[in-house]
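Novice: here you go, sequence then predicted model.
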Amino acid sequence: MTAQKSIDQMQFPGGLRYSKEHTWVVPSGNTVKVGITDFAQDQLGEVIFVELPGEGDEFDQDAEFGVVESAKSTSDLFMPISGEVVVVNHTLEDEPGLVNQSPYQDGWMLEIKPRDPSQLEAIFSAEEYLGLIKKEA
């Protein structure tokens, strides 16, 4: 089981944007990568299963797009911005623990083609997200 870290030990890279549902996004050319935050993976504990959508699926902002299951709970995943899934990280099917080990690198979940890129500006910066989770903790 993954030990819970204090918020001060967690990482929230500055170039990413963060949603209130604990997902992150980072622009990558014409697409945006999506994953869950260090805070989310820490709260879940050891991730044992990840269910993600298929390429070509479209989602509105805040729509449920998948499930993460850990040894202690199951959590729905919510889309931080509207768009079409263009790439799925299929490595997570065999190695779901990458979500814990490397939430911002190897543990990314999707690449989406944003429907409305301006939605990126409406979600949190790293500093704003840190303020949000400190209130939740």
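Specialist: Nice, thanks for sending it over.
Novice: and the gap between Gly97 and Ala40?
Specialist: 14 Å (CB to CB, to the nearest Å). (C-beta placed from N, C-alpha, C; glycine too.)
Novice: would you mark the buried spots in the longest helix belonging to the chain?
Specialist: Under DSSP state H, the helix in the chain containing the largest number of residues is helix 126-136. Residues of helix 126-136 classed as buried by neighbour count (16 or more other CB atoms under 10 Å): Ala126, Tyr129, Leu130, Leu132, Ile133.
Novice: so, low pLDDT: which residues of this protein?
Specialist: Counting by pLDDT under 70, the chain has low-confidence residues at 1-5, 137.
Novice: circling back to that earlier point, export the buried residues of helix 126-136 to TSV and append columns for distance to Ile81.
Specialist: Listed next are the buried residues of helix 126-136 as TSV, based on distance: CB to CB, whole Å:
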residue	distance to Ile81
Ala126	17
Tyr129	15
Leu130	20
Leu132	17
Ile133	20
